[in-house]
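Peer 1: let me see the structure of the following:
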Amino acid sequence: MLFLLVGLAAFLGSAVAQAQAPAKGKAKPRVTTVYLVRHAEKDTAASTLSDPPLSAVGEVRAQVLSQLLARRHPAALFTTDTKRTRATLAPLAAATRLEPQVYNPKETTALALRIRKEYLGKTVVVVGHSNTLLPLIESLGGTPPVDSIADNEYDYLFTVRITEGALPKVSVQGYGPERRTEAVAKPSRVR
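Peer 2: I've put the predicted structure just below:
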């Protein structure tokens, strides 16, 4: 009888331990974080140029962006092929020692697929334009938290968090000089 009770106690103890232990083979879902910003302020004195550089205020904003995102340890930096987007990303590229990768802003779906495939579970920074960021958020499966980005708005910092098996979450905050303080978060639809 004692042998039977010891065997039963051992069996129950093992069953309780297995129930409390995390399931084997079930890894924590990976989260891919994508930070998206419009290029910083462009030099309006050079507005007659088709590809103007950053203004002094834009250069300050680019430095603030670097200070803010370098500690997030991005795995990749993406930029369009313009002086203002490259200059916006330059301080962060120097701080992280990452070479910015040029993407075609008209091909948001291709960039979104690349980020989801090559940078799963990592952090990525994308610098674009007022008319390309919101379509890119949609291509990532998110719902843009604003309807548009006005020509004089440079301080949006969008964050898209893509968790395996869940809808992407999109938030926005301001950064840099004359920054916004409000934050918005919306669940997104799957694409």
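Peer 1: residue closest to the middle of this structure?
Peer 2: Val34 (1.3 Å; C-alpha atoms, centre = their mean).
Peer 1: quick one: residues contacting that one.
Peer 2: 115, 123-126, 140, 159-162 (C-beta atoms under 8 Å, 6 or more residues apart in numbering). Yep, even glycine has a C-beta here, placed from its N, CA and C like the rest.
Peer 1: repeat that for Ala70.
Peer 2: 92, 95-96.
Peer 1: what helix or strand is the closest residue to Val102 other than its chain neighbours on?
Peer 2: In space, and not counting its chain neighbours, Val102 is closest to Asp81: 4.9 Å by C-beta to C-beta, 6 or more residues apart in numbering. Using DSSP states H and E, Asp81 maps to neither a helix nor a strand.
Peer 1: look up phi and psi at Asp81.
Peer 2: phi -100, psi 60 (degrees, to the nearest 10).
Peer 1: how close does it get to Ser148?
Peer 2: The gap separating Asp81 from Ser148 is 23 Å, by C-beta to C-beta, to the nearest Å.
Peer 1: next one: Ala93
Peer 2: Ala93 is 28 Å from Ser148, by C-beta to C-beta.
Peer 1: between the two, who's got more neighbours?
Peer 2: Ala93 (18 against 10; other C-beta atoms under 10 Å).
Peer 1: check what pLDDT the residue lying closest to that one once chain neighbours are set aside gets.
Peer 2: Closest residue to Ala93 apart from its sequence neighbours, by C-beta to C-beta, 6+ apart: Pro100 at 5.2 Å. Per-residue confidence for Pro100 comes out at a pLDDT of 98.
Peer 1: re the thing from before, bridged to the residue nearest to the centre of the chain, which residues?
Peer 2: On the basis of DSSP bridges, Val34 is bridged to Val124, Val160.
Peer 1: ok, so what distance separates it from Gly58?
Peer 2: 22 Å.
Peer 1: relative to the whole chain's centre, how far out is stretch 63-83?
Peer 2: Averaging C-alpha positions (C-alpha atoms, centre = their mean, to the nearest Å) puts stretch 63-83 10 Å from its chain's average.
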